[in-house]
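A.B. asks: What follows is a predicted protein model with its sequence.
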Amino acid sequence: MLNREFGRMCQLIRQHAGIRQDDIAAITGLSQSFLSMLESGARKLTNIDKIIELLDGLQAPPELTGPILRPSIHHQPRSSAPTALSSC
C-alpha cells in the first residue's frame with residue numbers, strides 16, 4: 001500500500017506542477033514508462049538517490065516528504081560554534 005501511495009503522491013505533485021513524465025525522466029534518468037508504472041503502483045523505486053532526484057525534480061515540498069528524504073532543502077546549521085571535528 002505504501003508503494004502505491006508514494007507513486008500517487010509523485011503523480012499528484014507532478015500534475016499539480018504541470019510537469020510531464022518525460023520531463024521527470026530527463027531530470028532523473030528514469031524512463032517515462034518506469035515513471036508511469038511507479039505512479040500506477042505497478043513498480044517501486046528503491047534507490048534512495050533516485051528517490052531524492054525524483055522528489056527534487058518534482059519540487060516536492062518538504063512538508064510532504066519529510067526532512068530525511070530532503071536533507072538539502074532549507075538545511076541550516078543550528079549553531080556556528082566550532083565542533084570537535086572542525087579542529088582536526
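C.D. replies: Noted; the coordinates are in hand.
A.B. asks: Check which helices and strands the helix ranked longest in the chain is in contact with.
C.D. replies: In the chain, assigned by DSSP state H, the helix with the most residues is helix 2-17. For helix 2-17, the elements it packs on are helix 32-40, helix 48-58, judged by 3 or more Cβ pairs under 8 Å, 6 or more residues apart in numbering; DSSP states H and E. Where C-beta positions appear, they are placed from N, C-alpha and C, glycine not excepted.
A.B. asks: Just send those helices back as TSV, with mean pLDDT too.
C.D. replies: As requested, the helices and strands packed on helix 2-17 are exported to TSV (pLDDT from 0 to 100):
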stretch	mean pLDDT
helix 32-40	93
helix 48-58	79
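A.B. asks: Of all the ones you listed, which one comes closest to R8?
C.D. replies: helix 32-40 (6.9 Å; Cβ to Cβ).
A.B. asks: tell me the angle of that closest one relative to helix 2-17?
C.D. replies: Put simply, helix 32-40 runs at 110 degrees to helix 2-17, going by axes from the mean of the first three to the mean of the last three Cα atoms, to 10 degrees.
A.B. asks: by how many degrees do helix 32-40 and helix 48-58 diverge?
C.D. replies: 90 degrees.
A.B. asks: re the thing from before, what comes into contact with the longest helix of the chain?
C.D. replies: With contact meaning Cβ atoms under 8 Å, 6 or more residues apart in numbering, helix 2-17 is reached by 20-21, 24, 35, 38-41, 43-45, 54-55, 58-60, 64.
A.B. asks: quick revisit: Serialize the helices and strands packed on helix 2-17 to CSV and add fields for mean neighbour count and distance to H16.
C.D. replies: Shown next, in CSV, are the helices and strands packed on helix 2-17 (neighbours: other Cβ atoms under 10 Å; distance: least, Cβ to Cβ, whole Å):
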stretch, mean neighbour count, distance to H16
helix 32-40, 17, 13
helix 48-58, 17, 9
